[in-house]
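# Need coordinates for the following:
(chains A, B, C and D)
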4 protein chains.
Amino acid sequence: MPLSIREFEALARDRLPADVYDFVAGGAEDEVTLRANESAFGRLRLLPRVLRGPATRELGVSLLGMDATMPVLIAPTAFHRLAHPEGEKLTARAAAAAGAIMIVSMGSTVAIEDIADAGGQSLALWFQLYVQPDWAVTEALVRRAERAGCRALVVTVDLTVFGRRERDHRNGFHDLPEGLHCENLRGIAGERGVRQIESTPELSWEHIDRLRATTALPIVLKGLMHPLDAVMAVGHGVSGVIVSNHGGRQLDTAMATIDALPDVAEAVNGRIPVLLDGGVRRGTDVVKALALGASAVAVGRPVIWGLAVAGAAGVTQVLELLRDETDRALGLCGCACLHEVTRDLVQAAPC
Amino acid sequence: MPLSIREFEALARDRLPADVYDFVAGGAEDEVTLRANESAFGRLRLLPRVLRGPATRELGVSLLGMDATMPVLIAPTAFHRLAHPEGEKLTARAAAAAGAIMIVSMGSTVAIEDIADAGGQSLALWFQLYVQPDWAVTEALVRRAERAGCRALVVTVDLTVFGRRERDHRNGFHDLPEGLHCENLRGIAGERGVRQIESTPELSWEHIDRLRATTALPIVLKGLMHPLDAVMAVGHGVSGVIVSNHGGRQLDTAMATIDALPDVAEAVNGRIPVLLDGGVRRGTDVVKALALGASAVAVGRPVIWGLAVAGAAGVTQVLELLRDETDRALGLCGCACLHEVTRDLVQAAPC
Amino acid sequence: MPLSIREFEALARDRLPADVYDFVAGGAEDEVTLRANESAFGRLRLLPRVLRGPATRELGVSLLGMDATMPVLIAPTAFHRLAHPEGEKLTARAAAAAGAIMIVSMGSTVAIEDIADAGGQSLALWFQLYVQPDWAVTEALVRRAERAGCRALVVTVDLTVFGRRERDHRNGFHDLPEGLHCENLRGIAGERGVRQIESTPELSWEHIDRLRATTALPIVLKGLMHPLDAVMAVGHGVSGVIVSNHGGRQLDTAMATIDALPDVAEAVNGRIPVLLDGGVRRGTDVVKALALGASAVAVGRPVIWGLAVAGAAGVTQVLELLRDETDRALGLCGCACLHEVTRDLVQAAPC
Amino acid sequence: MPLSIREFEALARDRLPADVYDFVAGGAEDEVTLRANESAFGRLRLLPRVLRGPATRELGVSLLGMDATMPVLIAPTAFHRLAHPEGEKLTARAAAAAGAIMIVSMGSTVAIEDIADAGGQSLALWFQLYVQPDWAVTEALVRRAERAGCRALVVTVDLTVFGRRERDHRNGFHDLPEGLHCENLRGIAGERGVRQIESTPELSWEHIDRLRATTALPIVLKGLMHPLDAVMAVGHGVSGVIVSNHGGRQLDTAMATIDALPDVAEAVNGRIPVLLDGGVRRGTDVVKALALGASAVAVGRPVIWGLAVAGAAGVTQVLELLRDETDRALGLCGCACLHEVTRDLVQAAPC
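Numbering: from 1, shown residues only, chains lettered A, B, ... in the order given. Got it, this is the predicted structure:
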């Protein structure tokens, strides 16, 4: 088994078709943000505490009333069957085994009901939603997620227009291969076949308000970077935000998420949980995000690499690597639990 | 068709003679400024807003009373016939088709009247002027531009002496090839043949004042970098300034234009439009310049790459790429129009 | 003989088995801290004084009442017999010859008594201690060090859990080769064979207090990075601290030690000596550490490279190189002795 | 002829024996300062003024009552006959032809009298002096310089001990080749042969005071970096200082000279001229040094490259390149003379 997530990526690159690898690994335009998400963690330095005596560390976290055994969620990424024939089913099994929360992509290639079945009762599923121009479709998707037992809605707000991923244009990778479909949109809103996911450029706070009126599920906004938007989010009663730039796949040269986090966390000021995705590859990255104000982080591409390398066992190994590294980093920072990870443990490296 | 302006450059490099490519692509001395113009954009990060609901974006801009469909002008670059036999005629056609303003170089290899004909009524042409030591020549050029229907004079102020471009010295590239001439200087001021363009090292504000007394056309100063000069420009009644270092071709190690822009914009304080050229290669570059105080930007070398790759269609594609990328970037920043691009959308990347 | 410590490393790399080289040279996870320890010195610039007239320089230093001829100690590193069959015996001889203080690793592959014999009366030995979960073992180790004539205890506080060194995992390097043992744990606390070194994750200030009550030896804490812990150390009556991140082998992305030093030194404010290890490879590094508040530094890997290249003579040469370079750097900075190395001699390089 | 000083270096490298090239080009230890001297100029950006109308530029400068046609002096470097059989004679001819001040190294391989002869009446010669431990020798050297018509003494203060240049150790380059000698020490102070140059580690302000009492020549201190020493220099009545780190050949990781200049200039506050050497390779470097407070700069290695490539004509070309580039840079910065080069023309590049 690979020793690190970066080794998982190297192995996955060997196993996946080149265009699939590029689709997963790539980002928008010059991929500045894609690289910045990872490298920004490297610029941050830990300043550990010692002699504080945590014999063991408690990595558990409670988010929106749900308990998880680790502060690493599975970020919503589309099309897991590109990486393994059983796709999201295996991801769900691994998440359940690890006690991690899984955010299912609206663009999953296995239907949400089957994912829920595979994960079993213990698995906390959150459903990622792109608000669709046709509200009836949006509402039907919400109901479907509710019925499948999802416990939160993660509304992606940074895909009002599609980012331009030039690798995909070069590879001619525009559609799912024969046999793969966005199963959550099959038969949705009375349609016969599989609806296409559409973007909603006019997406606004009114849509968020309307969603809140539509469902009792907690709503989490994903793709928020600006502290003023974080203040708006609190004002509109959402239950959490995920600082994200869509893994560098949408607006190129957007700030690295770990660099955007501190101002968002300060603006939110603890009123709702702040999560982060983008570039998390090590336990020390997790600790840095916690120190800078996140309650937890999510990982996307590493899950795909795990699936590609070894199916459910691969995803499990990815999660266990992150758990082990986070535990070790906590211990070496003198922290017995996530709440002891304070702001002063992180400083920018002198340039 | 290439997917990006950098791909256009790569293709153009294959198609152009090496000395012509070097003449266009190169810069002064060690080319520090040449590279800095581009790389300085990369150091700036966007901090987008979300959920502000622009279903579509309006990219139109009004400059000196002229409307353009996009905030990207064609910067004045000499000798388009080096890139394509029909040279500036095609550039004008593409600008007209795109609804962009074209700044014609005084050193064009097609006469301004023919460029105006090719562009047609709808095309807003501005004429770039090097003040000549012999004022009669300068005045004759102004009259010629007026008669040809040009609607503004862009006076270049950063070529009082010639920058040293060592690529051209190595290539022995000092004159236009047989058959190409600066057609705007043919027969100028009663001369029989084609006059050479001369530099005017004594160029001063008195020349600008005299030009204002000579013509009713609005005057824009190009090649200004220092905020104190921007204040002078407003005091001398010019209609606009273009922050420019001549594409890195004059004073090497001059500051990157995007780094010089904020202080100039602050000094001007909205009294006249501030434009910028130098290093703009992506829609996100356009948005960054707008956020830092520019009303619009201009692109020079990309137009030549477009001509070299596919003539008028190439220039069109260059402009449409920039329009599309700017539109996408605006949308992903939550901006419905150029005026919504505020200063807080841009931050320097931590170093 | 090599001209510099980096040349010693290059030669040692050729001579050592690859897995041994990796064990010594490597660090935790992505080795960010490993590299940062060295490169952070390179970012600091010396601003020398002139015409202050030191005909010769005095490099002597007094630490915890012991005199050394140079402000460079031998840091505790395990397993010197990996580099040379006689291991720590030779290191002790070289240290004695150089008049340097040697901190013997608890994990030495020669017993402390034999090291003391080899070093002779003149050699000041400090004993590095990992507090063991079984206090009886800890106490037995302290007594053994006392009986062998060690004059200080250096308690390592940054190994409460083991860092993950991926080179060793890849090489399958987990145990000492046949015939090598941690001789200080042979027969310890009444045990028959050689006990394994264990980590003590619950290590706390109570252990330090208890150690102080157990022995009259001065206690130095090694592995402290945070100024708040330095304040705690003074409060708990320890005699010195070593700013260290375990040579980048424990918590990856921990701050470089030279970057952590100034805040620790300020917090300690001269009440106890502050030492530093990590990345010291040149006399100018020594001078920089002194300027930023250290009383002395320690070197670990360079000693191993010296042993591997030329046994005791190699270690001697490593120490004499550092002495010579430090002397030269002091002279060129206009300093007659270590106390004249003031804070203003060092500035960060502009970035 | 080469187009730039860096091209001169490349050509000289081809022509000189490798050990001679290394001796000239190399620096102390890791050569951090050697590289920093050049690269620090690259980090500084010019912010030019426009429309100020200097038809021509005046590059003349008056230093210690002597007029030079350009603000670039020939820095003292030893052993010009390593680069060309006629050595310093040719350098003097080129300096005279250019109207530049030449600082003759005490370690010249042609005697000062012969250099003065070669340069002729018009050439302003300054004599560089290492104070020798035997004062009689020092005094004899001063008298010899006076008699030869030298008009200033440049006392080097940063060679109290010898820097360690590892290239020379690797090459075994320790002595001048057969037939070359430090001719200024031939027969000095009654000695028969050629004395060796010695360092004087106890060099102090008393030596400077004693020199002032010994000669009426103005005294310039070379090798000063710290603003406190600059204040001392003014207090001790010296006539000028040269900010220098001996071209990176003495204390490695010393600050780049252009980075040290501003604080020195501020401390001196115009009371005596401040010069700078180290890393000057372009006219823009000259302008930056002037903007940051220097009255002039000196170049060392470029002169050797000129000699090696084309003898006196090569040195002339090096000086004319610098004159031409400085003139061009002044013009493009809108400066009619050196006094118009103000502090605001230079800014650090954002990092």
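
# going forward, measure contacts and count neighbours with C-alpha atoms only.
OK.

# distance of A:D229 from D:G306?
As judged by Cα to Cα, to the nearest Å, A:D229 and D:G306 stand 62 Å apart.

# Which of those two has more residues huddled nearby?
D:G306 (27 against 20; other Cα atoms under 10 Å in any protein chain shown).

# Export stretch A:125-141 to PDB, keeping only CA atoms.
Output in PDB follows, covering the C-alpha atoms of stretch A:125-141 (Å, rounded to 0.1, in the frame of the first residue of the first chain):
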ATOM      1  CA  LEU A 125     -24.400  11.100   4.100                       C
ATOM      2  CA  TRP A 126     -24.700  14.700   3.000                       C
ATOM      3  CA  PHE A 127     -26.000  15.500  -0.400                       C
ATOM      4  CA  GLN A 128     -24.300  18.000  -2.700                       C
ATOM      5  CA  LEU A 129     -26.700  20.000  -4.800                       C
ATOM      6  CA  TYR A 130     -26.300  22.200  -7.800                       C
ATOM      7  CA  VAL A 131     -29.500  24.400  -7.900                       C
ATOM      8  CA  GLN A 132     -31.100  23.700 -11.200                       C
ATOM      9  CA  PRO A 133     -32.700  26.400 -13.400                       C
ATOM     10  CA  ASP A 134     -36.000  24.500 -13.200                       C
ATOM     11  CA  TRP A 135     -37.000  24.700  -9.500                       C
ATOM     12  CA  ALA A 136     -39.100  21.600  -9.900                       C
ATOM     13  CA  VAL A 137     -36.000  19.600 -10.600                       C
ATOM     14  CA  THR A 138     -34.200  21.200  -7.700                       C
ATOM     15  CA  GLU A 139     -37.000  20.300  -5.400                       C
ATOM     16  CA  ALA A 140     -37.300  16.800  -6.700                       C
ATOM     17  CA  LEU A 141     -33.500  16.300  -6.000                       C
END
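
# So for that stretch, what gets flagged as buried?
Using 16 or more other Cα atoms under 10 Å in any protein chain shown as the test for burial, stretch A:125-141 gives A:L125, A:W126, A:F127, A:Q128, A:L129, A:Y130, A:V131, A:Q132, A:V137, A:T138, A:E139, A:L141.

# surely the last one meets A:G187?
No. In this structure A:L141 lies outside contact range of A:G187 using Cα atoms under 8 Å: 10.5 Å.

# Neighbours of A:G270, how many?
Neighbourhood size, A:G270 [other Cα under 10 Å]: 12.

# Just the closest residue of chain A to chain D, please.
Taking Cα to the nearest Cα as the measure, chain A has A:C351 as its residue closest to chain D, at 8.2 Å.

# residue contacts, that residue?
Going by Cα atoms under 8 Å, 6 or more residues apart in numbering or on different chains, A:C351 touches B:C351, C:C351.

# three-state assignment of it?
coil (DSSP: H, G, I helix; E, B strand; the rest coil).

# What parts of chain A come near chain C?
For chain A, the contact set with chain C under Cα under 8 Å from any Cα of the partner chain comprises A:3, A:42, A:44-56, A:284, A:328-329, A:331-332, A:349-351.

# Take the residues you listed and keep only those in helices.
A:G42, A:T284, A:R328, A:A329, A:G331, A:L332 (DSSP state H).

# Point out where the stretch 51-200 of chain A drops to low pLDDT.
Along the stretch 51-200 of chain A, segments meeting pLDDT under 70 are nowhere present.

# One more pass at 90, please.
In the predicted model of the stretch 51-200 of chain A, residues A:53-55, A:175, A:189-192 satisfy pLDDT under 90.

# would you list every one of the helices in it?
A:88-98, A:112-119, A:135-147, A:166-171 (DSSP state H, counting those that start in this stretch).

# between the ones you listed, which one is nearest to D:A78?
D:A78 lies closest, by Cα to Cα, to one member of these: helix A:166-171, at 57.4 Å.

# any bit of the helix or strand just after that closest one sitting next to chain B?
Sequence-wise, the next helix or strand downstream of helix A:166-171 (DSSP states H and E) is helix A:205-214. Yes. Using Cα under 8 Å from any Cα, we find that helix A:205-214 touches chain B at A:W205.

# angle of helix A:205-214 against helix A:135-147?
On the basis of axes from the mean of the first three to the mean of the last three Cα atoms, to 10 degrees, helix A:205-214 is oriented at 40 degrees to helix A:135-147.

# Give me the buried stretch members for helix A:205-214, please.
Buried residues in helix A:205-214 (16+ other Cα under 10 Å): A:W205, A:I208, A:L211, A:R212.

# how close does the third one get to A:R143?
Read it as A:L211. For A:L211, the distance to A:R143 equals 11 Å [Cα to Cα].

# again, but for the second one
Using Cα to Cα, one gets 16 Å for the distance from A:I208 to A:R143.

# picking up where we left off before, C:P85 is nearest to which of the helices of the stretch 51-200 of chain A?
Among the helices of the stretch 51-200 of chain A, helix A:88-98 sits nearest to C:P85 (Cα to Cα), with 46.9 Å.

# of all of the stretch 151-300 of chain A, which residue lies closest to chain C?
Closest residue of the stretch 151-300 of chain A to chain C, Cα to the nearest Cα: A:T284 (7.5 Å).

# For the ones in helices among the residues of chain A next to chain C, which two are the farthest from each other?
A:G42 and A:G331 (19.7 Å).

# More neighbours: the two, which one.
Higher neighbour count among A:G42 and A:G331: A:G331, with 29 against 18, using other Cα under 10 Å.

# What are the neighbouring residues in contact with that one?
By Cα under 8 Å, 6+ apart, the neighbours of A:G331 are A:P54, A:T56, A:R57, C:T160, C:V161, C:P201.

# tell me the contacts of A:H174?
Applying Cα under 8 Å, 6+ apart to A:H174 gives the contacts A:D168.

# what's the span of stretch A:28-37 from first residue to last?
Stretch A:28-37 has an end-to-end distance of 13 Å (Cα to Cα).

# what's in contact with that stretch?
For stretch A:28-37, the external contacting residues (Cα under 8 Å, 6+ apart) are A:26-27, A:163-166, A:247-258, A:278-279, B:42.

# from those residues, which are also near chain D?
Counting by Cα under 8 Å from any Cα, no member of those reaches chain D.

# Helices - which of those land there?
A:E166, A:T257, A:I258, B:G42.

# Those: which two are farthest apart?
A:E166 and A:I258 (24.8 Å).

# Buried residues in stretch A:191-210, which are they?
For stretch A:191-210, the buried set under the neighbour-count rule, 16+ other Cα under 10 Å, comprises A:R195, A:S199, A:T200, A:P201, A:E202, A:L203, A:S204, A:W205, A:I208.

# Provide the count of other residues in contact range of the residue of the stretch 151-300 of chain A closest to chain C.
28.

# With A:D22 instead?
Neighbours around A:D22, by other Cα under 10 Å: 18.
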